[in-house]
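Q: mind looking at a prediction? Sequence and model below.
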Amino acid sequence: MSSHATPIPMTSAACGPLSGVAQVPGDKSISHRSLILGAMCVGKTTISGLLEGDDVLDTARAMRAFGAEVTDLGDGNWSVHGVGVGGFAEPDGVIDCGNSGTGVRLIMGAMATSPITATFTGDASLNGRPMARVTDPLALFGTQSVGRKGGRLPMTIVGAADPVPVRYVVPVPSAQVKSAVLLAGLNAPGQTVVIEAEATRDHTERMLAGFGAKITVKDTDEGRIITLTGQPELQAQHVDVPRDPSSAAFPVCAALIVPGSDVLVPGIGLNPTRAGLFTTLREMGADLTYENERTEGGEPVADLRARFSPDMKGIEVPPARAASMIDEYPVLSVVASFAQGQTMMRGVKELRVKESDRIDAMAKGLRANGVEVDEGPDWWAVTGLGHGNVPGGATCASQLDHRIAMSFMIMGMAANAPVSVDDGAPITTSFPIFEPLMAQLGAKVTRGAL
């Protein structure tokens with residue numbers, strides 16, 4: 001059970017063609033970072049298009065707890081009066097980050113080099129996720145942490161009183177780990193260097209530069225080397241949050257598998273470190289086009305048009321693409337169920353430690369709905385049945401994971417029998433308007449079990 005909601009069973013059934021315009025919410029990654037960096041500036045940062053899901057609202061509450069003045073101005077417009085780099089106050093109470101791994105890890109990094117102490121917790125899902133991947137590199141700055149066995153929340157972080165800069169090689173591709181180290185490096189003297197063998201989403205680097213930090217990024221034989229000069233005075237900005245490609249994945253994928261569909265999803269961020277799903281779908285033969293390509297706020301943006309694609313084929317997704325679509329593998333596996341032949345996904349062990357073990361959760365649900373799935377520690381393969389041949393008819397466990405819940409709702413729209421999840425409440429963490437948006441397009445998603 002989520003700390004924010006009681007379980008809400010949901011069921012999705014076959015529907016007629018999906019059509020219309022899907023105005024998905026703002027990008028979750030950029031929303032988190034705009035609040036955190038705004039709180040680390042001196043002056044007033046304004047934000048438009050902020051995602052107002054539970055995850056981001058928890059981050060807003062956390063920034064208030066650390067002393068920033070965070071104001072909801074209505075209609076996705078917010079302001080943040082920051083306290084400056086190193087200016088965080090010690091919070092009076094425990095910081096509850098709900099379901100958000102991104103939120104808690106980035107906030108830990110942001111406060112890790114200030115001489116304050118904070119205790120973090122979350123819902124049952126977040127409290128089961130490993131934090132050592134962040135607290136280990138933060139310890140190099142001089143930070144201390146005490147948590148439950150296995151480095152899990154609830155956890156208390158004691159910020160470094162005299163932080164030192166670090167040079168850190170990220171052991172597994174993780175934008176959260178990279179970003180936590182960079183945010184910690186803001187209040188450390190000298191240069192903090194992060195090296196990643198595989199490029200991950202680069203919103204933190206782009207936004208740090210936009211807020212006035214001195215940061216360089218170089219691609220070398222050693223990997224991508226990111227160098228940040230510490231103790232800058234960040235400059236307050238206006239941030240126009242693009243629409244979230246991870247949320248766009250759901251109406252896009254639904255349109256591809258529901259007969260006769262034609263859906264436009266406008267204003268989607270197509271940062272190359274985030275757009276791997278759309279590249280993969282096009283390689284599978286999806287009728288997915290980019291319209292009105294442009295740049296907004298330093299990020300590439302386009303309108304996506306997705307049409308029913310009955311002849312998609314299974315492919316092998318390159319492992320090097322995993323970091324650019326790690327959150328989209330669950331819904332990709334649903335599309336793969338309706339394609340012809342096997343879709344192989346390798347290099348995805350990160351899925352084992354997301355809000356749930358996403359490989360296990362999707363494999364169990366897909367099998368229950370009549371789809372063959374093979375899996376290993378860092379790979380899985382879905383054998384597609386082709387359009388019109390997916391049985392459906394099962395209730396799947398969402399495992400307190402918003403993307404698992406939404407993925408099975410998409411499956412039910414094209415399966416031969418309805419598909420249910422035991423709890424759709426976590427959907428509000430990232431996509432609070434999922435139900436009305438899909439209904440507006442013509443989907444049949446109802447609350448209640450099969």
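A: Sure thing, it's come through.

Q: for the stretch 101-250 of the chain, what spans make up the helices?
A: For the stretch 101-250 of the chain, the helices defined by DSSP state H, counting those that start in this stretch occupy 101-111, 132-140, 175-185, 203-210, 245-257.

Q: give me the angle between the third one and helix 132-140.
A: It stands for helix 175-185. Relative orientation of helix 175-185 and helix 132-140, computed by axes from the mean of the first three to the mean of the last three Cα atoms, to 10 degrees: 20 degrees.

Q: try the last one
A: Using the same axes, to 10 degrees, the interaxial angle of helix 245-257 with respect to helix 132-140 works out to 160 degrees.

Q: returning to that earlier point: minimum distance to residue 280: which of the helices of the stretch 101-250 of the chain has it?
A: helix 245-257 (10.6 Å; Cβ to Cβ). Every residue, glycine included, has its C-beta placed from N, CA and C.

Q: just checking, what packs against the closest one?
A: If contacts are counted by 3 or more Cβ pairs under 8 Å, 6 or more residues apart in numbering; DSSP states H and E, helix 245-257 sits against strand 262-269, helix 276-283, strand 287-296, strand 299-307, helix 329-338, helix 402-412, helix 434-441.

Q: show me what counts as buried in the first one.
A: So that's strand 262-269. 263-269 (16 or more other Cβ atoms under 10 Å).

Q: tell me, how many residues neighbour residue 186?
A: Other residues near residue 186 come to 27 when the count uses other Cβ atoms under 10 Å.

Q: for it, which non-adjacent residue is closest in space?
A: Spatial nearest neighbour of residue 186, excluding adjacent residues (Cβ to Cβ, 6 or more residues apart in numbering): residue 85 at 5.0 Å.

Q: burial count for the one you found?
A: Residue 85: 22 neighbours (other Cβ under 10 Å).

Q: okay if I get the helices of the stretch 101-250 of the chain as JSON lines plus mean neighbour count and distance to residue 14?
A: Shown next, in JSON lines, are these (neighbours: other Cβ atoms under 10 Å; distance: least, Cβ to Cβ, whole Å):
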{"stretch": "helix 101-111", "mean neighbour count": "27", "distance to residue 14": "34"}
{"stretch": "helix 132-140", "mean neighbour count": "20", "distance to residue 14": "41"}
{"stretch": "helix 175-185", "mean neighbour count": "27", "distance to residue 14": "36"}
{"stretch": "helix 203-210", "mean neighbour count": "22", "distance to residue 14": "37"}
{"stretch": "helix 245-257", "mean neighbour count": "28", "distance to residue 14": "11"}
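
Q: now render the ones you listed as a markdown table, adding distance to residue 65 and mean pLDDT.
A: Putting the helices of the stretch 101-250 of the chain into a markdown table (distance: least, Cβ to Cβ, whole Å; pLDDT from 0 to 100) gives the following:
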| stretch | distance to residue 65 | mean pLDDT |
| --- | --- | --- |
| helix 101-111 | 10 | 97 |
| helix 132-140 | 19 | 97 |
| helix 175-185 | 16 | 97 |
| helix 203-210 | 21 | 94 |
| helix 245-257 | 27 | 97 |
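
Q: how about the ones you listed, which one is nearest residue 366?
A: Closest of the helices of the stretch 101-250 of the chain to residue 366 is helix 245-257, at 13.7 Å (criterion: Cβ to Cβ).

Q: could you give the angle of the closest one to strand 287-296?
A: Going by the same axes, to 10 degrees, helix 245-257 makes 160 degrees with strand 287-296.

Q: could I have helix 245-257 exported to CSV, CA atoms only?
A: The C-alpha trace of helix 245-257 is given here as CSV (Å, rounded to 0.1, in the frame of the first residue of the first chain):
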residue,chain,number,x,y,z
PRO,A,245,8.6,11.4,-22.9
SER,A,246,8.1,8.6,-20.3
SER,A,247,4.5,9.6,-19.9
ALA,A,248,4.1,10.1,-23.7
ALA,A,249,5.1,6.4,-24.0
PHE,A,250,1.6,5.3,-22.8
PRO,A,251,-0.7,7.0,-25.3
VAL,A,252,1.9,6.4,-28.1
CYS,A,253,2.1,2.7,-27.4
ALA,A,254,-1.7,2.4,-27.0
ALA,A,255,-2.2,4.0,-30.4
LEU,A,256,0.2,1.5,-32.0
ILE,A,257,-1.7,-1.6,-30.8
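
Q: quick one, it and strand 262-269 angle?
A: Interaxial angle of helix 245-257 relative to strand 262-269 (the same axes, to 10 degrees): 160 degrees.

Q: give me the angle between helix 245-257 and helix 402-412.
A: Using the same axes, to 10 degrees: helix 245-257 against helix 402-412 is 10 degrees.

Q: out of the helices and strands packed on helix 245-257, which is the most enclosed?
A: helix 402-412 (a mean of 30; mean count of other Cβ atoms under 10 Å).

Q: and that one, what other elements does it pack with?
A: If contacts are counted by 3+ Cβ pairs under 8 Å, 6+ apart, helix 402-412 sits against strand 10-13, helix 245-257, helix 329-338, helix 358-368, strand 419-421, helix 434-441.

Q: what is the last one packed up against?
A: With contacts taken as 3+ Cβ pairs under 8 Å, 6+ apart, helix 434-441 sits against strand 19-21, helix 245-257, helix 402-412, strand 444-447.

Q: can you list contacts of the last one?
A: Strand 444-447 is contacted from outside by 8-15, 409, 412-413, 424, 435, 438-439, using Cβ atoms under 8 Å, 6 or more residues apart in numbering.

Q: at 6 Å what do you get?
A: The contact list for strand 444-447, computed with Cβ atoms under 6 Å, 6 or more residues apart in numbering, reads 8, 10-13, 15, 409, 435, 438.

Q: and the shortest one, by the same measure?
A: Taking Cβ under 6 Å, 6+ apart as the criterion, the residues outside strand 19-21 that touch it are 262, 264, 441.

Q: closest to residue 312 out of the residues you listed?
A: residue 262 (16.1 Å).

Q: and the closest one, how far from residue 254?
A: Counting by Cβ to Cβ, to the nearest Å, the gap from residue 262 to residue 254 is 12 Å.

Q: likewise residue 196?
A: 33 Å.

Q: was I right about residue 70 contacting residue 79?
A: No - applying Cβ atoms under 6 Å as the test, residue 70 and residue 79 come out as separate, 7.5 Å apart.

Q: higher neighbour count, the two?
A: residue 70 (22 against 16).
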